[in-house]
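Peer 1: here is my input, please return the structure:
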Amino acid sequence: MNHKNYVISKIQNIDKENIRFTNHANIRITQRQLNKDEIIENIINPFRLKYAILEEQGKFDCYFEYSKTQCHKYVIKIENNIIVITVIKINRRWQIIAEKKILKGYKNV
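Peer 2: Numbering: from 1, shown residues only. This next block holds a predicted model:
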């Protein structure tokens with residue numbers, strides 16, 4: 001199930017200062033040559049957010065669309081603040097990956 005609207009409603013009240021990155025996320029940002037400010041901007045202003053898939057209680061896989069072949073996937077945990085657990089840069093057709101995860105979630109219910 002796509003929890004996009006739920007995630008957007010939760011992050012509307014979050015400030016930049018309330019976004020935290022795990023050590024793992026910081027390492028991946030460097031390895032994958034991503035810009036931390038761009039990640040924060042995507043979270044604060046989620047107009048690129050296409051899919052948000054619930055993995056566990058409060059933990060979401062979020063897909064931010066740049067084009068049909070490029071997106072950023074952030075695994076975030078929403079509590080009183082937002083914790084970015086990891087970031088992935090996807091450079092291929094990514095929609096099928098997200099749609100399969102959504103369908104898999106429906107089957108588990």
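
Peer 1: doesn't Ser67 fall inside a strand?
Peer 2: No: applying DSSP: H, G, I helix; E, B strand; the rest coil, one finds Ser67 to be coil, outside a strand.

Peer 1: least confident secondary structure element in this protein?
Peer 2: In the chain, the helix or strand scored least confidently by mean pLDDT, DSSP states H and E is helix 95-108, which has a mean of 69.

Peer 1: what about Ile53, how many neighbours?
Peer 2: Neighbourhood size, Ile53 [other CB atoms under 10 Å]: 22. Heads up, the C-betas are built off the backbone N, CA and C, glycines and all.

Peer 1: phi, psi for the residue nearest in space to the middle of the chain please.
Peer 2: Most central in the chain under CA atoms, centre = their mean is Cys62, positioned 2.6 Å from the mean C-alpha point. Main-chain torsions, Cys62, degrees, to the nearest 10: phi -110, psi 130.

Peer 1: now do the contacts for it.
Peer 2: 7, 49, 51-53, 73-76 (CB atoms under 8 Å, 6 or more residues apart in numbering).

Peer 1: one more time with 6 Å
Peer 2: Neighbour list for Cys62: 52, 74, 76 [criterion: CB atoms under 6 Å, 6 or more residues apart in numbering].

Peer 1: so what sits opposite it in the bridge?
Peer 2: Ala52, Tyr74 (DSSP bridges).

Peer 1: can you give me the pLDDT of it?
Peer 2: Looking at Cys62, its pLDDT is 94.

Peer 1: any idea how far Arg20 is from it?
Peer 2: 15 Å (CB to CB, to the nearest Å).

Peer 1: cool, Lys73 as well?
Peer 2: Taking CB to CB, one finds Lys73 at 18 Å from Arg20.

Peer 1: remind me what the least confident helix or strand of the chain packs against, helices and strands.
Peer 2: With contacts taken as 3 or more CB pairs under 6 Å, 6 or more residues apart in numbering; DSSP states H and E, helix 95-108 sits against no other helix or strand.

Peer 1: pLDDT score for Tyr51?
Peer 2: For Tyr51, the model assigns a pLDDT of 91.
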